[in-house]
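Colleague: here is the input, now give the coordinates:
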Amino acid sequence: MSRSTQELLGYHCRLQDKLQEQEGSLAAEGRHSLASAADHMKVVPSLLLSVLLAQVWLVPGLAPSPQSPETPAPQNQTSRVVQAPREEEEDEQEASEEKASEEEKAWLMASRQQLAKETSNFGFSLLRKISMRHDGNMVFSPFGMSLAMTGLMLGATGPTETQIKRGLHLQALKPTKPGLLPSLFKGLRETLSRNLELGLTQGSFAFIHKDFDVKETFFNLSKRYFDTECVPMNFRNASQAKRLMNHYINKETRGKIPKLFDEINPETKLILVDYILFKGKWLTPFDPVFTEVDTFHLDKYKTIKVPMMYGAGKFASTFDKNFRCHVLKLPYQGNATMLVVLMEKMGDHLALEDYLTTDLVETWLRNMKTRNMEVFFPKFKLDQKYEMHELLRQMGIRRIFSPFADLSELSATGRNLQVSRVLQRTVIEVDERGTEAVAGILSEITAYSMPPVIKVDRPFHFMIYEETSGMLLFLGRVVNPTLL
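Modeller: Next up is the predicted model:
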């Protein structure tokens with residue numbers, strides 16, 4: 001570890017010792033010092049990012065054509081004779097670079113599509129694992145979970161790394177070159193973050209015990225590819241560590257997640273946290289004037305009252321005769337879409353989860369037809385937190401959570417380290433708000449025929465995709481819209 005990094009970690013640890021002396025509460029001066037330290041932590045790695053960013057998009061196996069050495073032309077009439085061949089060489093070089101660029105774009109597109117497909121299938125597998133423990137509301141981000149584990153994979157090697165890759169369904173991603181996965185995820189992260197209309201906030205922290213020696217390369221690569229903030233903690237003082245980590249998460253999520261940690265194990269060496277916030281704006285918003293309290297069927301015997309939104313206009317949908325379910329497409333601004341899957345028969349929603357795959361979803365999308373419809377859709381807000389390490393163990397990612405973990409790329413003492421916890425908290429809110437209501441939305445309904453009606457008044461599943469990449473951002477199930 002470089003001297004500058006050691007000084008930075010030393011400074012951060014001294015700050016925590018100062019806070020420990022003031023255990024009763026965070027005084028105003030302590031909060032100011034914490035904020036200053038957090039800002040300082042962000043400045044140093046970001047300088048490294050700007051240096052390394054240029055190499056991200058180099059395609060494995062595709063190198064730029066070497067530049068021909070330029071020979072200065074003599075200052076006489078023969079310079080005109082020499083210039084013509086040089087112009088031809090430059091034209092050939094430009095053509096070669098354009099060809100390489102087109103091949104690079106095609107390769108990147110194919111790789112991203114494959115990444116999106118495999119991440120979606122990982123999400124469906126994870127849904128089934130969560131469903132075995134929870135039969136109520138659920139929501140999580142397959143994209144965020146894959147980001148977090150791929151970031152942790154930078155510190156893993158050998159069977160530990162292989163297990164993570166297999167568990168994330170990414171072992172089939174080809175060509176498998178060093179740095180391929182981080183580069184692809186980095187490109188997707190940057191694309192999504194530039195899309196301000198999407199309204200997606202994603203980030204990650206690696207909270208590391210202050211006496212644990214982390215390799216400089218892991219710091220640099222984590223920041224380069226995933227913008228991960230590595231923050232030293234004194235886990236021996238569990239109450240202080242909990243307060244500090246909650247402060248970091250609360251600040252980064254702008255108060256949306258004020259308390260992520262309830263308790264901390266003093267023996268912890270590393271905690272990896274991934275957070276996702278999403279507040280989508282409908283491309284065609286629901287008019288609040290038409291929202292009314294209506295009946296939602298929890299099961300065959302129980303009902304509740306929920307605020308039900310109403311929309312009329314052109315919607316894309318399909319009906320799957322094999323699974324007897326309606327699939328409705330509700331587009332967001334920012335080129336994202338919510339797919340709502342509503343079983344025809346009450347109580348069948350859990351059985352559908354065994355069959356969810358990207359191939360099935362693609363079949364639904366191909367069979368979509370746009371037509372005038374009436375849609376009734378409940379307002380809901382979900383705020384879910386999962387201890388993902390137990391679920392990941394069930395999916396075959398075991399070694400990294402055991403004494404057999406090999407994290408030697410993270411630390412020189414990596415063979416004596418295991419990951420303690422992996423948490424994910426996801427917040428999603430669905431209501432009428434978005435852009436201003438579109439005038440004349442009802443005018444497209446044909447006056448002489450009754451439009452089809454889809455009324456989402458019983459348990460349903462939803463998926464939120466970013467359409468350009470095909471990446472599954474969120475996957476969830478709503479059993480009771482009135483519960484978080």
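Colleague: my guess is residue 188 contacts residue 112. True?
Modeller: Yes: between residue 188 and residue 112 there is a contact under Cβ atoms under 8 Å: 6.7 Å. All C-beta atoms are positioned from the backbone trio N, CA, C, and that covers glycine.
Colleague: need the residues touching each of those two.
Modeller: Shared contacts of residue 188 and residue 112, defined by Cβ atoms under 8 Å, 6 or more residues apart in numbering, comprise residue 469.
Colleague: please tell me how far the residue nearest the centre of the chain sits from residue 105.
Modeller: Closest residue to the average C-alpha location of the chain: residue 144 at 2.9 Å, with Cα atoms, centre = their mean. Going from residue 144 to residue 105 by Cβ to Cβ, to the nearest Å gives 26 Å.
Colleague: same check on residue 211?
Modeller: 47 Å.
Colleague: next, the buried residues of stretch 256-263.
Modeller: For stretch 256-263, the neighbour count (16 or more other Cβ atoms under 10 Å) marks 256, 257, 260, 261 as buried.
Colleague: start to end distance for that stretch?
Modeller: 19 Å (Cα to Cα, to the nearest Å).
Colleague: ok, residues contacting it?
Modeller: 238, 242, 245-246, 249-250, 273, 275, 277, 385, 423, 425, 427.
Colleague: how about 6 Å then?
Modeller: Stretch 256-263 is contacted from outside by 242, 245, 246, 249, 250, 277, 425, 427, using Cβ atoms under 6 Å, 6 or more residues apart in numbering.
Colleague: hmm, residue 466 and residue 336 touching each other?
Modeller: Yes: using Cβ atoms under 6 Å, residue 336 is in contact with residue 466, at 5.2 Å.
Colleague: for those two, indicate the residue with more neighbours.
Modeller: The neighbour count for residue 336 versus residue 466, taken as other Cβ atoms under 10 Å, is higher for residue 336 (26 against 22).
Colleague: wasn't residue 374 part of a strand?
Modeller: Yes: remark: residue 374 belongs to a strand, assigned using DSSP: H, G, I helix; E, B strand; the rest coil.
Colleague: what are the bridge partners for it, then?
Modeller: residue 312, residue 453 (DSSP bridges).
Colleague: that one - how many residues pack around it?
Modeller: Residues contacting residue 374 under the criterion other Cβ under 10 Å number 17.
Colleague: ok, residue 201 - contacts?
Modeller: residue 277.
Colleague: adjacent strands (with direction) for the helix or strand where it lies?
Modeller: Residue 201 is part of strand 200-209 when elements are defined by DSSP states H and E. According to DSSP bridges, strand 200-209 has the following sheet partners: strand 229-233 (parallel), strand 270-278 (antiparallel).
Colleague: just so I know, which of those strands lies nearest residue 330?
Modeller: strand 270-278 (13.9 Å; Cβ to Cβ).
Colleague: need the pLDDT of the residue nearest to residue 139 when sequence neighbours are not counted.
Modeller: Excluding the flanking residues, the one nearest residue 139 by Cβ to Cβ, 6 or more residues apart in numbering is residue 476, at 3.5 Å. On the pLDDT scale, residue 476 is placed at 93.
Colleague: what helix or strand is residue 476 on?
Modeller: Using DSSP H and E, residue 476 maps to strand 471-478.
Colleague: what helices or strands is that strand leaning on?
Modeller: Strand 471-478 sits against helix 79-131, strand 138-140, helix 142-153, strand 460-466, with contacts defined as 3 or more Cβ pairs under 6 Å, 6 or more residues apart in numbering; DSSP states H and E.
Colleague: quick revisit: my read: the residue nearest to the centre of the chain touches residue 276, true?
Modeller: Yes: using Cβ under 6 Å, residue 144 is in contact with residue 276, at 4.4 Å.
Colleague: name the residues contacting each of the two.
Modeller: residue 202.
Colleague: the residue nearest to residue 139 and residue 227, how far apart?
Modeller: From residue 476 across to residue 227, the span is 25 Å (Cβ to Cβ).
Colleague: and residue 303, how many neighbours?
Modeller: Neighbour count for residue 303, taken as other Cβ under 10 Å: 13.
Colleague: ok, now which ones touch it?
Modeller: Contacts of residue 303 were listed using Cβ under 6 Å, 6+ apart, and they are 295, 297.
Colleague: any idea what it is bridged to?
Modeller: Residues in a beta bridge with residue 303, per DSSP bridges, are residue 297.
Colleague: and residue 335, its phi and psi?
Modeller: When read as degrees, to the nearest 10, the backbone of residue 335 gives phi 60, psi 40.
Colleague: so it sits against residue 467, correct?
Modeller: Yes: between residue 335 and residue 467 there is a contact under Cβ under 6 Å: 5.0 Å.
Colleague: could you measure from the nearest residue to residue 307 once chain neighbours are set aside over to residue 129?
Modeller: Spatially, and ignoring its direct neighbours in sequence, residue 307 is nearest to residue 379 (4.7 Å; Cβ to Cβ, 6+ apart). Using Cβ to Cβ, we find residue 379 at a distance of 28 Å from residue 129.
Colleague: for residue 267, which non-adjacent residue is closest in space?
Modeller: Ranked by Cβ to Cβ, 6+ apart and with sequence neighbours excluded, the top spatial neighbour of residue 267 is residue 235, at 7.3 Å.
Colleague: count residues in the vicinity of the residue nearest to residue 307, would you?
Modeller: Residues near residue 379, counting by other Cβ under 10 Å, number 18.
Colleague: so it makes contact with residue 432?
Modeller: No: Residue 379 lies out of contact with residue 432 (Cβ under 6 Å); the separation is 7.4 Å.
Colleague: can you show me the helices along the stretch 201-350 of the chain?
Modeller: Secondary structure of the stretch 201-350 of the chain (DSSP state H, counting those that start in this stretch): helices at 216-226, 238-252, 349-352.
Colleague: count of neighbours near the residue nearest to residue 181 when sequence neighbours are not counted?
Modeller: Take residue 181 and drop its neighbours on the chain: the residue closest to it by Cβ to Cβ, 6+ apart is residue 150, 5.4 Å away. The tally of other residues near residue 150 (other Cβ under 10 Å) stands at 22.
Colleague: residue 169 too?
Modeller: 21.
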